[in-house]
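Engineer: Model the following, please.
(4 chains)
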There are 2 protein chains.
Amino acid sequence: MLGKEDLYEISQRGRGRPRDELARQRILDSALALVEQVGFASATTDAIADRAGASKSTIYRWWPNKAAVVIEALQDQVSQEQPFPNTGNLRQDIHQQLQNFIAFLTGRRGRLFMAFIAAAQSDPEVAEAFRELWIKPRRREARHVLERYQREGLLSGNADLGTALDLIYGPIYFRLLAGHAPLNPEFGRMIADLALNGLMTFK
Amino acid sequence: MLGKEDLYEISQRGRGRPRDELARQRILDSALALVEQVGFASATTDAIADRAGASKSTIYRWWPNKAAVVIEALQDQVSQEQPFPNTGNLRQDIHQQLQNFIAFLTGRRGRLFMAFIAAAQSDPEVAEAFRELWIKPRRREARHVLERYQREGLLSGNADLGTALDLIYGPIYFRLLAGHAPLNPEFGRMIADLALNGLMTFK
DNA sequence: TATTTACGATACTCACAAGTTTCGAAAATT
DNA sequence: AATTTTCGAAACTTGTGAGTATCGTAAATA
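Structural biologist: Numbers count the residues shown, from 1 in each chain, chains lettered A, B, ... in the order given. Now for the predicted structure:
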């Protein structure tokens, strides 16, 4: 399978020194790690360059601004995520997905999403990227799984699936962002049970 | 009833020109309005002073920094909020509360909370103020109402009320912050029904 | 080998905003 | 009237960080 970089290597190769793909990857990794650790605003371009062992001029050679770097880094990250479980057992799928998701958010990556949602409130470009790259693809995938269960009658046909997804994910994001109570597996278990209970017998 | 200002007037009154309480109020109103309109970071002290028809030196005469001004402004605002309904009809109370809350958030004040949650991610002082002034008092109040219904058996005794509150409010905050779908009364109605459905028959 | 393009290092410009200082006038007390 | 404290206006300092420009060097092609 060909990636973007390979296509670039083959078709765009000109005369001069080729782009350092390892440096590109180090810059993206560095941006991601820094946003996780210190947030969007404090992840300066100087710090990203330093940590990557690269130069600021290299960053601006390939990206128009800081937001573009971080957004591309998010894109790389997102493509590695676990798919929504689809075993045929609705309850088990939802439970498993929430456990995966909470483990993900309470791990190193949680702060990345807090930082993105925060930055999105003052930067429309970041907001759109977050919705398009993270929220929408994952919702689309989850929706397909839920649609199957709805067709099979395991989920009430009256329930709007977009609303159902917010019922499941909203409480998780809320605890992550507000921090008023711990975001642990037990919480995920209860939310899954409560939401399923509401969704299966709805109307 | 005596407010803070009256106490100040009586006990602290010295020789010189007294503090201008109207200017104080104008500064707080101005800070609130600007954070709503342009967010926390873009609400500069210069802009707050200008809009209040006051001077920056007056701001720094009474508050140690910008965050303190905005936090005190939030405090003033919070004390004016509608209480959680407590009519004896659980379903009606939850529906009414979510309708009130969504109307509140989609009005002028919604952006204030987006800005606060965003600022909280990079400023622990703001984060704590938001939890202590906004989240915790409202949760405490709502919890008392739900406890009553739980004692009356209208709500499953197995449901953890902290989790129940996140189930109800999480989806609302999530749509407000992520903006992937509209936050309208219809959504509030469905979340209330789904959550109640889950909570009443839990376990 | 000559040319081209990317590289890292570094100095630089530019904009912006927090917080300080100064000052003359206003509003209170003694 | 003299003193004290606050006020608004405005100039100022200080820090920061995004984005640019320069330069000598490295890695590719023709």
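Engineer: Going by C-alpha atoms from here, please, whenever you check contacts or count neighbours.
Structural biologist: Will do.
Engineer: what's the weakest-modelled helix or strand in chain A?
Structural biologist: helix A:4-7 (a mean of 43; mean pLDDT, DSSP states H and E).
Engineer: continuing past that one, what's the next helix or strand?
Structural biologist: helix A:21-38 (DSSP states H and E).
Engineer: what does that next one rub up against?
Structural biologist: For helix A:21-38, the external contacting residues (Cα atoms under 8 Å, 6 or more residues apart in numbering or on different chains) are A:5, A:42-43, A:47-49, A:51-54, A:59, A:69-70, A:72-74, A:108-112, A:115, B:122.
Engineer: Of the residues you listed, which ones also sit close to DNA strand C?
Structural biologist: When contact is defined as Cα under 7 Å from any atom of the strand, the contacts of helix A:21-38 meet DNA strand C at A:Gly53, A:Ala54.
Engineer: Distance check, the residue in chain A positioned nearest to DNA strand C against A:Arg26.
Structural biologist: Nearest residue of chain A to DNA strand C, counting by Cα to the nearest atom of the strand: A:Gly16, 3.0 Å away. Per Cα to Cα, to the nearest Å, A:Gly16 is found 22 Å from A:Arg26.
Engineer: Please say which of those two ends up with more neighbours.
Structural biologist: A:Arg26 (17 against 6; other Cα atoms under 10 Å in any protein chain shown).
Engineer: And that one, how close does it get to A:Gln80?
Structural biologist: For A:Arg26 relative to A:Gln80 (Cα to Cα), the value is 17 Å.
Engineer: In which helix or strand does A:Ala103 reside?
Structural biologist: helix A:90-106.
Engineer: Would you indicate which residues of that helix are buried?
Structural biologist: In terms of neighbour count (16 or more other Cα atoms under 10 Å in any protein chain shown), helix A:90-106 has its buried residues at A:90, A:93-103, A:105.
Engineer: where does it sit relative to the chain's centre, distance-wise?
Structural biologist: In terms of Cα atoms, centre = their mean, to the nearest Å, the centre of helix A:90-106 is set 14 Å apart from its chain centre.
Engineer: Also stretch A:13-20?
Structural biologist: Stretch A:13-20 has its C-alpha centroid displaced from the chain centroid by 32 Å (Cα atoms, centre = their mean).
Engineer: same question, stretch A:121-136
Structural biologist: Put simply, stretch A:121-136 sits 11 Å off its chain's centre (Cα atoms, centre = their mean).
Engineer: same deal with stretch A:139-149?
Structural biologist: 17 Å.
Engineer: Now it: average pLDDT?
Structural biologist: Stretch A:139-149 carries an average pLDDT of 96.
Engineer: ditto for stretch A:179-196
Structural biologist: Summarised as a single mean, pLDDT over stretch A:179-196 is 97.
Engineer: what does it contact?
Structural biologist: Where contact means Cα under 8 Å, 6+ apart, the residues beyond stretch A:179-196 that reach it are A:91, A:94-95, A:98-99, A:102-103, A:106, A:164, A:167-168, A:171-172, A:175-176, B:131, B:135-136, B:163, B:167, B:194-195, B:198-199, B:202.
Engineer: Leaving out the residues flanking it, which one is nearest to the residue nearest the centre of chain A?
Structural biologist: When Cα atoms, centre = their mean is applied to chain A, the residue found nearest the centroid is A:Trp134 (4.4 Å). The shortest distance from A:Trp134 to any non-neighbouring residue, by Cα to Cα, 6 or more residues apart in numbering or on different chains, is to A:Val78 (6.7 Å).
Engineer: low pLDDT regions in chain A?
Structural biologist: Within chain A, the stretches with pLDDT under 70 are A:1-12.
Engineer: Kindly report the residues of it close to DNA strand C.
Structural biologist: Proximity of chain A to DNA strand C, by Cα under 7 Å from any atom of the strand, involves residues A:14-21, A:23-24, A:50, A:53-58, A:61-62.
Engineer: The same query, at a cut-off of 10 Å, please.
Structural biologist: Those residues of chain A that sit near DNA strand C, judged by Cα under 10 Å from any atom of the strand, are A:12-24, A:26-27, A:46, A:49-62.
Engineer: Just the buried ones among those, please.
Structural biologist: For the residues of chain A next to DNA strand C, a burial check counting by 16+ other Cα under 10 Å picks out A:Ala23, A:Arg24, A:Arg26, A:Ile27, A:Ala49, A:Arg51, A:Ala52, A:Ala54, A:Ser55, A:Lys56, A:Ile59.
Engineer: Looking at chain A, which residue reaches furthest from the middle?
Structural biologist: The C-alpha centroid of chain A is most remote from A:Arg15, which lies 37.8 Å away (Cα atoms, centre = their mean).
Engineer: residues contacting that one?
Structural biologist: With Cα under 8 Å, 6+ apart, A:Arg15 has no contacts at all.
Engineer: got it, and A:Pro83?
Structural biologist: A:Glu141.
Engineer: Using the three-state scheme, assign it.
Structural biologist: Following DSSP: H, G, I helix; E, B strand; the rest coil, A:Pro83 is assigned to coil.
Engineer: where's it relative to chain B, distance?
Structural biologist: Here the criterion is Cα to the nearest Cα, to the nearest Å. By it, A:Pro83 lies 20 Å from chain B.
Engineer: quick one, phi psi at that residue?
Structural biologist: With angles defined as degrees, to the nearest 10, A:Pro83 sits at phi -70, psi 160.
Engineer: got the buried residues for stretch A:188-203?
Structural biologist: Within stretch A:188-203, the residues scored as buried using 16+ other Cα under 10 Å are A:188, A:190-202.
Engineer: among these, which are in helices?
Structural biologist: A:Gly188, A:Met190, A:Ile191, A:Ala192, A:Asp193, A:Leu194, A:Ala195, A:Leu196, A:Asn197, A:Gly198, A:Leu199, A:Met200 (DSSP state H).
Engineer: could I get those as JSON lines with distance to B:Asn184?
Structural biologist: Converted to JSON lines, these look like this (distance: Cα to Cα, whole Å):
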{"residue": "A:Gly188", "distance to B:Asn184": "26"}
{"residue": "A:Met190", "distance to B:Asn184": "26"}
{"residue": "A:Ile191", "distance to B:Asn184": "23"}
{"residue": "A:Ala192", "distance to B:Asn184": "24"}
{"residue": "A:Asp193", "distance to B:Asn184": "26"}
{"residue": "A:Leu194", "distance to B:Asn184": "23"}
{"residue": "A:Ala195", "distance to B:Asn184": "20"}
{"residue": "A:Leu196", "distance to B:Asn184": "23"}
{"residue": "A:Asn197", "distance to B:Asn184": "24"}
{"residue": "A:Gly198", "distance to B:Asn184": "20"}
{"residue": "A:Leu199", "distance to B:Asn184": "20"}
{"residue": "A:Met200", "distance to B:Asn184": "24"}
